[in-house]
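Chemist: just coords:
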């Protein structure tokens, strides 16, 4: 007598196990783990909670100038690329915008989670700083740059300043 599963039964068992794990991941409440190591490793694990809740995305603005006393106007850093038929298959600009917004949400979460921590020591802050520096026009290199992170409670509400950086050389 053999205890082997038929190939079809093995696939069915795996699919059933996957379905149970998916239901558990979606139904169980999310727990917060305060470990820095776990926080850094969670980027390697997929999140099955694709839509935690509807909200507005944080906005990132920057201003540049030759010196701290002569900044230009605030400008958006992340722009949403136009949709075309080819973006259904090939959309690197759209993926970059989505990744940038995810980074802003991560910075917002870290700033709210660790209010006493200097922002410049946060990994997400350093990544947002690099994102802003990559968006600085070539003509402004050699000057200074500053950025703001704004949030809105609703799409129609005026923005609330979550963080304004110190001036950085660019």
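Modeler: Yep, it's here. Keep in mind the model is a prediction, meaning the values are calculated, not measured.
Chemist: when you work out contacts or count neighbours from here on, use the C-alpha atoms and nothing else.
Modeler: Will do.
Chemist: on the three-state scheme, residue 146 is what?
Modeler: strand (DSSP: H, G, I helix; E, B strand; the rest coil).
Chemist: report the beta-bridge partners for it.
Modeler: For residue 146, the beta-bridge partners under DSSP bridges are residue 63.
Chemist: so what pLDDT did it get?
Modeler: For residue 146, the pLDDT comes out at 94.
Chemist: wait, doesn't it sit right on residue 64?
Modeler: Yes. Checked against Cα atoms under 8 Å, the pair residue 146 and residue 64 is within contact range at 6.6 Å.
Chemist: more neighbours: which of the two?
Modeler: Each of residue 146 and residue 64 has its neighbours counted (other Cα atoms under 10 Å); residue 64 has more, 25 against 22.
Chemist: so which bits of the helix or strand harbouring residue 93 are buried?
Modeler: Using DSSP states H and E, residue 93 falls within helix 92-113. Residues 94, 97, 100-101, 103-108, 110-111 are the ones in helix 92-113 that count as buried (16 or more other Cα atoms under 10 Å).
Chemist: what does the helix or strand following it rub up against?
Modeler: Sequence-wise, the next helix or strand downstream of helix 92-113 (DSSP H and E) is helix 123-135. Defining contact as Cα atoms under 8 Å, 6 or more residues apart in numbering, one finds that helix 123-135 is touched by 62, 77, 100, 103-104, 106-107, 110, 119-120, 145, 147, 170.
Chemist: can you pull the pLDDT of residue 131?
Modeler: 94.
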